[in-house]
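# Below is the structure, and that's it, no one-letter string:
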């Protein structure tokens, strides 16, 4: 028997929602697991990841321990379109897939809360793994457990995803963050996050440009991304761009437009011009399902 897990890309932080808010997108990685007699066989990913240090394999091992699955060998076939270390949750797809794969062999592949708890332990924070598990837009709080809620989004939006031709590791992007935040900056982030969530729920598009504003991580991480401030300034002047933010730890930049703005991608490309040389531009939608799991 084989287990096939499909996991959506995720975009986290959403401006002021640092380590709290995230959403799932219609871009996917797929992983097929098969228990074999012995050894480890990983295909479909760069050679340097085809070993026991592979994140998907490590998550599978953690999941197997948690659900009582015994195995002596494993085959993992990887595939998909989520770019690595670009701020679109590639690591989360690996972690979630590994856990789900192990749980599925014990017919527990829909135990999403337990998978969320384990995924958060591995990832360190829930903002990327939660939407990969539950789909849609999520907010999460960590106490003695992880509490995640889906936020209903009133309008039909599209996410213009600007993916640069270079990577930015989460470790490096976290290293530039301040250890302390002023009271004014803390209040600004709390108020912006509240306004952003309320605007999405109520369809108050006018509040989104303000709501996506951030003082905690984007001003610092933006300095690591060539052209970031100029790109954000141009997007901010486009009246049909409802908001823009740095996706996850970066370097991908996200612009929010309405579904009926059918020329939005072309317009944004023209406005940004040479700043997008070598960049990949995708128009994505919210994925409302989270991961899916099938047997072959």
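Thanks, I have it. This structure is a prediction, so every number in the text was calculated from the model and none was measured.
# going forward, measure contacts and count neighbours with C-alpha atoms only.
Fine.
# How about the secondary structure of residue 200?
Reduced to three states with DSSP: H, G, I helix; E, B strand; the rest coil, the structure at residue 200 is helix.
# Any idea how many residues pack against residue 12?
Per other Cα atoms under 10 Å, the neighbour tally for residue 12 reads 32.
# try the one 10 residues further on
Residue crowding around residue 22 was assessed by other Cα under 10 Å; the count is 31.
# would it count as being in a strand?
Yes: looking at residue 22 with three-state DSSP, it is inside a strand.
# ok, now which ones touch it?
10-14, 127-128, 130-131, 137-139 (Cα atoms under 8 Å, 6 or more residues apart in numbering).
# Who does it form a beta bridge with?
residue 12, residue 138 (DSSP bridges).
# The lowest-mean-pLDDT helix or strand in the chain: how far from the chain's middle?
Using mean pLDDT, DSSP states H and E, helix 170-175 stands out as the lowest-scoring helix or strand of the chain, at a mean of 88. Mean-position distance between helix 170-175 and its chain equals 16 Å (Cα atoms, centre = their mean, to the nearest Å).
# Equivalent analysis for stretch 30-39, please.
That offset, for stretch 30-39, works out to 25 Å (Cα atoms, centre = their mean).
# measure the residue of the chain most remote from its centre to residue 75 for me?
Among residues of the chain, the one most distant from the C-alpha centroid is residue 37; the distance is 34.3 Å, by Cα atoms, centre = their mean. Distance from residue 37 to residue 75, counting by Cα to Cα, to the nearest Å: 10 Å.
# swap in residue 262?
Residue 262 is 43 Å from residue 75, by Cα to Cα.
# These two: who's more crowded?
More crowded of residue 262 and residue 75, by other Cα under 10 Å: residue 75, with 19 against 11.
# Model confidence score at that one, please.
With respect to pLDDT, residue 75 scores 98.
# ok, it touching residue 38?
No: Residue 75 is beyond contact range of residue 38, at 9.4 Å (criterion: Cα atoms under 8 Å).
# that older thread, check contacts around the residue farthest from the centre of the chain.
Contacts for residue 37 (Cα under 8 Å, 6+ apart) come out as 72-74.
# Out of those residues, grab the one that's most surrounded.
Within the contacts of residue 37, neighbour counts (other Cα under 10 Å) peak at residue 74, which reaches 18 neighbours.
# So what sits opposite that residue in the bridge?
residue 35, residue 40.
# Would you agree it is in contact with residue 43?
No: taking contacts as Cα under 8 Å, residue 74 lies outside contact range of residue 43: 11.4 Å.
# For this protein, which segments count as helices?
55-67, 90-104, 112-123, 129-134, 170-175, 183-202, 208-211, 218-221, 228-237, 264-272 (DSSP state H).
# got a list of contacts for the third one?
Here helix 112-123 makes contact (Cα under 8 Å, 6+ apart) with 59, 63, 92, 95-96, 99-100, 126, 129-130, 133-134, 145-146.
# now swap in the longest one and tell me
When contacts are defined by Cα under 8 Å, 6+ apart, helix 183-202 is touched by residues 15-17, 151-155, 204-208, 210-216.
# Rounded mean pLDDT for it, please.
Average pLDDT, helix 183-202: 97.
# In contact with residue 36, which residues are there?
Residue 36 touches 71-75, counting by Cα under 8 Å, 6+ apart.
# possible to save those residues as TSV with distance to residue 175?
Shown next, in TSV, are those (distance: Cα to Cα, whole Å):
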residue	distance to residue 175
71	38
72	39
73	37
74	36
75	35
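# any idea which of the helices of the chain scores lowest on pLDDT?
Mean pLDDT values for the helices of the chain show the minimum at helix 170-175, a mean of 88.
# Isn't residue 56 up against residue 101?
No: using Cα under 8 Å, residue 56 makes no contact with residue 101, being 9.4 Å away.
# between the two, which one's more packed in?
residue 101 (32 against 25).
# Packing partners of the least confident helix or strand of the chain?
Here helix 170-175 touches no other helix or strand, going by 3 or more Cα pairs under 8 Å, 6 or more residues apart in numbering; DSSP states H and E.
# Number the chain from 30, please
Done: numbering now begins at 30, and the last item shifts to helix 199-204.
# Give me the residues contacting that helix.
Under Cα under 8 Å, 6+ apart, the answer for helix 199-204 is 114, 250, 253, 278-279.
# and if you look at stretch 318-325?
Under Cα under 8 Å, 6+ apart, the answer for stretch 318-325 is 30-37, 53, 126, 129-130, 133, 138, 160-165.
# Weed out the non-buried ones from the residues you listed.
Buried members of the contacts of stretch 318-325, counted by 16 or more other Cα atoms under 10 Å: 31-37, 53, 126, 129-130, 133, 138, 160-165.
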